[in-house]
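Colleague: 3D model of this:
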Amino acid sequence: MMDSGFRGTTFDNLAVPTEIDSTFRRRLVQGVVHDENAFIMGGTAGHAGLFSTAYDLSRFATMLVNRGRLEGTQFLRPETISLFVDRDLFPPGERGLGWDFKSLEGYTSAGALFGAKSYGHTGFTGTSLWIDPDSRVFAVLLTNRVYPTRANRGHIAARPEFADAAFQLATQSR
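Modeller: Reported below is the predicted structural model:
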C-alpha cells in the first residue's frame with residue numbers, strides 16, 4: 001500500500017474535493033482531512049484523516065480475505081484478524097476493533113448479499129469497505145458525498161446497492 005496514509009500521501013494533490021466549507025475553513029476542502037475535529041488536531045486522528053486509493057484498499061482487503069497473507073508475505077496472523085472481527089468482543093455485537101459488522105436486520109450499507117460474518121468500515125464522506133470472509137468477496141467504494149455540501153444523502157441508498165452489485169459481479173466471475 002504505497003498510496004495510503006494520514007498526511008503527505010502521494011495523491012494529496014489529486015484527492016477529490018470533499019466539500020465547499022463556507023463556515024469553518026471557508027474554502028474548498030481538498031487533500032486534507034474533512035472532519036473538523038481531526039483537522040484541529042493536525043489532520044490525524046483515530047476516527048478520520050486516512051487517505052487511500054481503491055487499488056491500495058483492494059490489496060488490503062485481499063490480504064484480509066487471505067487470512068493475513070498477500071503475495072507470499074504474512075502481514076497479520078489469522079488470530080489477529082479473528083480478534084479484530086470478533087462480534088462478541090463488545091456487546092451488543094455491532095462493532096469490533098475498528099470494524100463495523102453487518103447488521104443482521106434493518107438497513108446495512110453492506111447490502112443484502114454479503115454474509116452474516118461480514119465486516120467493514122464507512123466514512124462520513126460516503127466511503128465504504130465491506131469484506132465477506134466466507135465468500136472471500138470485498139467491495140471498496142470511495143465517494144465524496146459531501147461535495148458540494150454535506151446535505152447530500154444519496155450515499156445511504158448507494159452503499160448497499162454498490163455492495164450487492166460488487167458481490168454479484170465477484171461471485172458470477174468465479
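
Colleague: what about stretch 111-119, distance to the chain center?
Modeller: 15 Å (CA atoms, centre = their mean, to the nearest Å).

Colleague: Could you do stretch 120-134 as well?
Modeller: 4 Å.

Colleague: Next: stretch 128-136.
Modeller: That offset, for stretch 128-136, works out to 11 Å (CA atoms, centre = their mean).

Colleague: quick one: Y107 and R159, what's the gap?
Modeller: In this view, Y107 and R159 are 9 Å apart by CB to CB, to the nearest Å. For the C-beta atoms, the positions are set from N, CA and C on the backbone; glycine is no exception.

Colleague: ok, now L104?
Modeller: From L104 to R159 the distance is 17 Å (CB to CB).

Colleague: who's more crowded, the two?
Modeller: Neighbour tally, L104 and R159, criterion other CB atoms under 10 Å: the higher count belongs to R159, 25 against 10.

Colleague: And whichever strand or helix holds the more buried one, what's buried?
Modeller: Following DSSP states H and E, one finds R159 within helix 155-172. Neighbour-count burial for helix 155-172, counted by 16 or more other CB atoms under 10 Å, picks out H155, A158, R159, P160, F162, A163, D164, A166, F167, A170.

Colleague: Good, wrapping up.
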